[in-house]
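K.L.:
just need the structure, nothing else, for what follows:
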Amino acid sequence: MGKNTTFAGRRWRGGLLAAAVLTVAGCSGGGAVSGETAKAPADPADASGTIKVLTHRTDLVQNGTMARYAEEFTKVYPKVKVKFEALTDYEGEVRIRMNTDDYGDVLMIPAAVAKNDYPKFFAPLGTAAELGGTYRFSDKTEVGGKVYGIAQFGTANGFVYNKAVWKKAGITGWPATPGEFLADLKAVEAKTDALPYYTNFKDGWPLTAWSNSIGSVTCDAEANDKLAGAVSPWREGGELHTIDSLLHDIVKDGLSEKDPNTTNWEASKGLIARGKVATMQLGSWAITQMRDAAKKAGGDPDDIGFMPFPVRKDGKYCAVLASDYQQAVNAHSAHKAAARAWIDWFTQKSGYAAAEGAVPALKSAAMPGTLKDFVDNDVTFVERSEAKTGEVNAIDNAAEIGLNKPDYRQKLVDLARGAQHGSLDDYFTDLDKRWNEAARTAGS
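P.N.:
Just a heads-up that it's a prediction; the model follows:
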């Protein structure tokens, strides 16, 4: 997928964007806006003007893919010209620009903008009732009944794995419990030359993918919303207790790399493609990258599989679907109709989500071929509710934990491998204490 993109002090590779939300301090942008809904014209001939689209996809701009999308768009909207500006440090640069009114006509909503501030910076695209029936993930940008962004696509959570390696280890089905998962990794260790699990510890950001399993354990779309309070998320039986205990136990049992400080994201693609690594926790967006790596290595792309989190609810696996970046219209744009036309066309007609092997934001579109195993095995897709994301982020920030930052899980890994002193139980107790105290002060 995308090239390396610096994001909030970590590296992001075009997968699920999940980050703690911060208020853009001192931003003057969005001060004097009308709040008028940005609608695409009924007649494409009525849309006109040159629009600038800010994007993090430097690779797709450089290789001409985005230009080809724009060429197809102008066949429908002949009076609109689309220009792209690709930003390597997308979050950092756009955050600075939003201190002015000039931050493109169309942009991906930066994680630095607090959800309740969306009306200051972005034009509403319609009501939740209007858009909710058409698009997945619309509640992620809903403020006061209005929607301010439409997802480019979504992603499912799970584990990318090398099927050939797991088969060589004698494993014929997906593990149904964390214990079975650990046993399978031990079989990989005993019967193959592959490293059972790769943490991608050094790059950090892949560790945040574990948070995307919140909801998969209980098959509950509102699981993330239920963190909005003094609820002790790491208590025994809680989803984060289950999720983080599995990561801890993988490392403690010596099933991951000996020195996690030596991991490398780009190198990991080739490692799993060649069967040197068996398993990694990532979003479904990563499947196409790993299959491409397999092709380049002269291997079989079909060896790259995807499995759900190892828990079954009422006999079925569940996989949470969560939103990627959301496209929005600058509240100060002079060409709102053209900007909205681009968003609708790009989401519905461009084929971008399918090309990326991603979950389409358009509800009527089919699931991607990358998730065929999930569809064939009746994995339940659970669309994550974002109704209380603002509250959860406020608590997370106040607690200084970072559910969607790598630091606390890097400490978890260090505890598991003995690089830091302490027990898992004590760590969970401390996390719960900090979370609950923050929940009370954050006014959840």
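
K.L.:
name the nearest residue to Gly369, ignoring sequence neighbours.
P.N.:
With C-beta to C-beta, 6 or more residues apart in numbering as the criterion, Gly369 has its nearest non-adjacent residue at 7.0 Å, and that residue is Gly357. (C-beta placed from N, C-alpha, C; glycine too.)

K.L.:
isn't that neighbour up against Ala286?
P.N.:
No - if you go by C-beta atoms under 8 Å, Gly357 and Ala286 don't touch, sitting 9.1 Å apart.

K.L.:
model confidence score at Glu36, please.
P.N.:
Looking at Glu36, its pLDDT is 81.

K.L.:
burial measure for it, as a count.
P.N.:
Counted with other C-beta atoms under 10 Å, residues neighbouring Glu36 total 10.

K.L.:
now Val53
P.N.:
For Val53, the count of nearby residues is 23 (other C-beta under 10 Å).

K.L.:
hey, what's it bridged with?
P.N.:
Phe84, Val106 (DSSP bridges).

K.L.:
shaky segments in the stretch 1-150 of the chain?
P.N.:
Applying pLDDT under 70 to the stretch 1-150 of the chain flags the ranges 1-34.

K.L.:
rerun that using 90 as the cut-off
P.N.:
Along the stretch 1-150 of the chain, segments meeting pLDDT under 90 span 1-46, 57-59, 88-89, 91-92, 95, 110-116, 139-140.

K.L.:
any idea where the strands of the stretch 1-150 of the chain begin and end?
P.N.:
Ranges of strands in the stretch 1-150 of the chain, per DSSP state E, counting those that start in this stretch, are 5-7, 10-12, 49-55, 80-86, 106-108, 126-127, 142-143, 146-147, 150-151.

K.L.:
any chance of CSV for those strands, columns distance to Leu424?
P.N.:
Shown next, in CSV, are these (distance: least, C-beta to C-beta, whole Å):
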stretch, distance to Leu424
strand 5-7, 29
strand 10-12, 24
strand 49-55, 41
strand 80-86, 42
strand 106-108, 37
strand 126-127, 46
strand 142-143, 37
strand 146-147, 41
strand 150-151, 35
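
K.L.:
minimum distance to Asn261: which of these has it?
P.N.:
Nearest to Asn261, of all the strands of the stretch 1-150 of the chain, is strand 10-12, at 15.1 Å by C-beta to C-beta.

K.L.:
what lies in contact with the top helix by length along the chain?
P.N.:
When the chain is scanned for its longest helix (criterion: DSSP state H), the result is helix 424-441. Helix 424-441 is contacted from outside by 228-235, 241, 244-245, 248, 395-396, 398-401, 408, 411-412, 415-416, using C-beta atoms under 8 Å, 6 or more residues apart in numbering.

K.L.:
which of those are buried, as a ChimeraX select command?
P.N.:
The following ChimeraX command selects only the buried members of those, with burial defined by 16 or more other C-beta atoms under 10 Å:
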select :228,229,230,231,232,233,234,241,244,245,248,395,396,398,399,401,408,412,415,416
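
K.L.:
about what we covered before: between Gly357 and Ala286, who's got more neighbours?
P.N.:
Neighbours were counted for Gly357 and for Ala286 using other C-beta under 10 Å; Ala286 has more, 28 against 20.

K.L.:
correct me, but Phe73 touches Trp342?
P.N.:
Yes - counting by C-beta under 8 Å, Phe73 does reach Trp342; the two are 6.4 Å apart.

K.L.:
how much space separates the closest residue to Pro406 other than its chain neighbours from Asn404?
P.N.:
Leaving out its chain neighbours, the residue that sits closest to Pro406 by C-beta to C-beta, 6+ apart is Gly204, at 3.3 Å. As for Gly204, its distance to Asn404 is 11 Å (criterion: C-beta to C-beta, to the nearest Å).

K.L.:
comparing these two, which residue is more hemmed in?
P.N.:
Legend: neighbour count by other C-beta under 10 Å for Gly204 and Asn404, higher for Asn404 (23 against 19).

K.L.:
state the phi and psi torsions of Leu321.
P.N.:
phi -100, psi 130 (degrees, to the nearest 10).

K.L.:
list the beta-bridge partners for it.
P.N.:
Ala156, Glu383.

K.L.:
rewinding a little: so which of the contacts of helix 424-441 belong to helices?
P.N.:
241, 244-245, 248, 395-396, 398-399, 408, 411-412, 415-416.

K.L.:
which strand or helix spans Phe159?
P.N.:
Taking DSSP states H and E as the definition, Phe159 sits inside strand 153-162.

K.L.:
and that strand, average pLDDT?
P.N.:
On average, strand 153-162 scores 95.

K.L.:
what helices or strands is it leaning on?
P.N.:
helix 265-273, strand 279-283, helix 286-296, strand 304-307, strand 316-323, strand 359-360 (3 or more C-beta pairs under 8 Å, 6 or more residues apart in numbering; DSSP states H and E).

K.L.:
tell me what the one helix or strand Asp184 maps to is packed against?
P.N.:
Secondary-structure assignment from DSSP H and E places Asp184 in helix 178-191. Identification of packing neighbours for helix 178-191 by 3+ C-beta pairs under 8 Å, 6+ apart yields helix 163-168, helix 239-252.

K.L.:
ranking the ones you listed by burial, who's on top?
P.N.:
Most buried of the helices and strands packed on helix 178-191, by mean neighbour count (mean count of other C-beta atoms under 10 Å): helix 239-252, with a mean of 21.

K.L.:
so that helix versus helix 407-416, what angle?
P.N.:
Inter-element angle recorded for helix 239-252 and helix 407-416: 40 degrees (by axes from the mean of the first three to the mean of the last three C-alpha atoms, to 10 degrees).

K.L.:
how about the nearest residue to Gly390, chain neighbours excluded?
P.N.:
Leaving aside its sequence neighbours, Gly390 sits nearest to Lys115 (C-beta to C-beta, 6+ apart; 4.3 Å).

K.L.:
repeat that for Lys81.
P.N.:
Closest residue in space to Lys81, ignoring its immediate chain neighbours: Thr50 at 4.4 Å, by C-beta to C-beta, 6+ apart.

K.L.:
what of Leu125?
P.N.:
Closest to Leu125 by C-beta to C-beta, 6+ apart is Val147, at 5.2 Å.

K.L.:
buried set for stretch 359-378?
P.N.:
359-362, 365, 367-368, 370-371, 373-374.

K.L.:
then stretch 209-229?
P.N.:
209-221, 223-229.

K.L.:
narrow these to those in helices?
P.N.:
Per DSSP H, helices hold no members of the buried residues of stretch 209-229.

K.L.:
picking up where we left off before, mind checking the pLDDT average for the helix holding Asp184?
P.N.:
98.

K.L.:
same deal with stretch 262-270?
P.N.:
For stretch 262-270, the per-residue pLDDT averages 94.

K.L.:
circling back to that earlier point, what's the distance between the residue nearest to Leu125 and Ala273?
P.N.:
39 Å.

K.L.:
element containing the closest residue to Asp139 other than its chain neighbours, please.
P.N.:
Closest residue to Asp139 apart from its sequence neighbours, by C-beta to C-beta, 6+ apart: Glu386 at 4.7 Å. If you go by DSSP H and E, Glu386 is not part of any helix or strand.
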